[in-house]
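*Asks:* one predicted model, sequence on top.
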Amino acid sequence: MNFALPVVATFLIGMTGIGLWHARRVRSAEDFALGGRRIGASVLAGTLVATWIGTGSLFGNTEFTYQNGVAGFFLPLSGIAGMLVLAYLAPRVRKLPATSVPQILGLRFGRATRVLGAVALILAYLVIVSYQYRAGAAVAERIFPGLDQTVLRIAFAVFVILYTALAGLTSVALTDVVNGIVLSSGLLVGLGLPWGGWSPQLQPFDAAMLRPGGGIGAVGWISLLLPPFLLILGDANMYQRLMAASSPARARRAAFGAFAGLLVLESTIIGIALFARVMLPTRLSNPGDVIIEMAFTVFPPLVGLLLAATAVAV
């Protein structure tokens, strides 16, 4: 896809333009961290979905599904259940006089807990944010096959940091809506194509791929499902967005909207990874790149470009 470079570049430049435009409105720490607490329910729902469906879904869940089959459909359940819990908590979170999770901890447990919470979040997000760079580099490697992966990851790291620093949550939330549209379009069309062209007689699934439990066992499933559930309940990104809602009622409405979005899109991602197992010509050495591999080798260029943009969007 030789035309992928100008399209992806235009997408990134457009995001930067939105950030620059809204940077003019940042006048205080609350403007930067919470968008002035004036974000509506629809934009908030979009940014909640785009925040949770990240590289963990596009790389981690797809890798598991590619290796274990239909059992992958259970993976999103913990995050979806956690979003329901957040819908219950959303109005209370919005009413708190805080701008971050450490501040929430400090209000209830004091300064020492606030500092410990901040340290824990910094360490956790060093790992989580690194997956953003992996996603960008995975796409860029296909466009610039001669460049080193380390160089590509550094380039995306610089872009993500500078973009976030432009206008804080306002720029991130608005572009999350654009990202959500690109994400939904690419994934839904990407799932529809293999479903329409797949033949169970010519391309059957292995019997092992159809085991509901994936042969993992109860303890294994607890270790897979409990961490995401606890993560979404303590995810600073989620609480920051709920605190940025224009009202407590809109915060709850946005959380319920995000619940519906996660239910559809997470299942779609798993479905694409499942089809990849029988549609890709060779077994992948890096199963985490299932979405990228399907985009560049199986789907038509336009659909592949949407999926590539999806990986950049997260």
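*Replies:* That came through, no problem.
*Asks:* low-confidence ranges, the chain, go.
*Replies:* The chain contains residues with pLDDT under 70 at 1-4, 167, 171, 194-204, 281, 310, 312-314.
*Asks:* can you tell me which residue is spatially central in it?
*Replies:* residue 54 (1.8 Å; C-alpha atoms, centre = their mean).
*Asks:* which ones are touching that one?
*Replies:* Residues counted as contacts of residue 54 (C-beta atoms under 8 Å, 6 or more residues apart in numbering) are 128, 131-132, 135, 314. C-beta here means a position set from N, CA and C on the backbone, and glycine is covered the same way.
*Asks:* now residue 284
*Replies:* 66, 276, 290, 293.
*Asks:* where's the last one, which helix or strand?
*Replies:* Assessed by DSSP states H and E, residue 293 sits inside helix 290-297.
*Asks:* what's that helix packed up against?
*Replies:* When contacts are defined as 3 or more C-beta pairs under 8 Å, 6 or more residues apart in numbering; DSSP states H and E, helix 290-297 packs onto helix 62-68, helix 111-143, helix 169-197, helix 248-279, helix 301-313.
*Asks:* next, the contact list for residue 67, please.
*Replies:* The neighbours of residue 67, taking C-beta under 8 Å, 6+ apart as the test, are residue 287.
*Asks:* relative to residue 226, how far out is it?
*Replies:* Separation of residue 67 from residue 226 (C-beta to C-beta, to the nearest Å) stands at 20 Å.
*Asks:* do residue 120 as well
*Replies:* Using C-beta to C-beta, residue 120 is found at 17 Å from residue 226.
*Asks:* same question for residue 138.
*Replies:* Counting by C-beta to C-beta, the gap from residue 138 to residue 226 is 28 Å.
*Asks:* so which of those two has more stuff around it?
*Replies:* Comparing residue 138 with residue 226 by other C-beta atoms under 10 Å, the one with more neighbours is residue 138, at 25 against 11.
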